[in-house]
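Trainee: What shape does this take:
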Amino acid sequence: GERERKRRTTCTNAQPAAAAARSLRLLAWNVRGQLDGIDSAPAALAHVLAHDVAFFVHTAAVHDMQPLPLGDMQCAHSLARSFDAKHGGVACYVKPWLQKHVRMEDSHADLGILWTCFHGINPRPLYVAVCYFPPVGSTYYARPGVPDQAGHFAALQAGVSTFAARGDVVLVGDFNGRTG
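Mentor: Predicted coordinates for the structure are as follows:
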């Protein structure tokens, strides 16, 4: 009777809190080189801060500066190409509670691919690739030593194969219309 009702109520009430603790609110945004301007735009900053993780692409020269915090979010990882840093670049910002649960797994700066792992939140780790691939016809592909467009996708596929064997995989970013 009463004891069984209390036990059911306790279990029922405990489940939503446990589920909420394991969910992540993710944001992916092409900031078109304006990452440093988000904190001066109240509506944009509020939108970012409504999430636990923010992935930014086309961040421009994030390696030329110390990545600044956005509200209570800190830059966990960022990268830019070693050349032509005005274009491309990716970054991962996280809330304070996530900092101990995030690590960079792999990066390919010149390909615009950053793999981040979120661990200790759910039974399986979550691997997220944040990508910025230049548009078709970009002068980026004409540079010596730069893989063609297929090379970018081959590197991404290799990462998906590796990390899917270890956990869940999510791809975010700007692929400049090449999906399917």
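Trainee: So for this structure, the centremost residue is which one?
Mentor: Phe55 (3.8 Å; CA atoms, centre = their mean).
Trainee: was I right about Arg22 contacting Asn122?
Mentor: Yes: using CB atoms under 8 Å, Arg22 is in contact with Asn122, at 5.2 Å. (Glycine included, C-beta is placed from N, CA and C.)
Trainee: quick one: the strands in the protein?
Mentor: 26-30, 53-57, 74-79, 90-94, 102-108, 113-118, 126-132, 168-174 (DSSP state E).
Trainee: Dump those to TSV, plus distance to Leu45.
Mentor: Conversion of the strands of the chain to TSV gives the following (distance: least, CB to CB, whole Å):
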stretch	distance to Leu45
strand 26-30	12
strand 53-57	10
strand 74-79	14
strand 90-94	11
strand 102-108	21
strand 113-118	22
strand 126-132	20
strand 168-174	20
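Trainee: Which one of the ones you listed lies nearest to Asp39?
Mentor: Nearest of the strands of the chain to Asp39, taken as CB to CB: strand 90-94 at 11.2 Å.
Trainee: Could you check the angle the closest one makes with strand 53-57?
Mentor: If you take axes from the mean of the first three to the mean of the last three CA atoms, to 10 degrees, strand 90-94 sits at 170 degrees to strand 53-57.
Trainee: Strand partners (parallel or antiparallel) of strand 90-94?
Mentor: Within its sheet, strand 90-94 is paired with strand 53-57 (antiparallel), strand 74-79 (antiparallel), according to DSSP bridges.
Trainee: Among these, show me which one is buried the most.
Mentor: strand 53-57 (a mean of 25; mean count of other CB atoms under 10 Å).
Trainee: Give me the residues contacting it.
Mentor: 24-31, 35, 48, 70, 73, 88-95, 98, 112, 118, 128, 130-132, 172-174 (CB atoms under 8 Å, 6 or more residues apart in numbering).
Trainee: by how many degrees do it and strand 26-30 diverge?
Mentor: 20 degrees.
Trainee: What subset of the contacts of strand 53-57 is buried?
Mentor: 24, 27-29, 31, 35, 48, 70, 73, 88-95, 98, 112, 118, 128, 130-132, 172-174 (16 or more other CB atoms under 10 Å).
Trainee: pLDDT weak spots in the chain?
Mentor: Residues of the chain that meet the criterion pLDDT under 70 lie in 1-21, 60-66, 82-87, 178-180.
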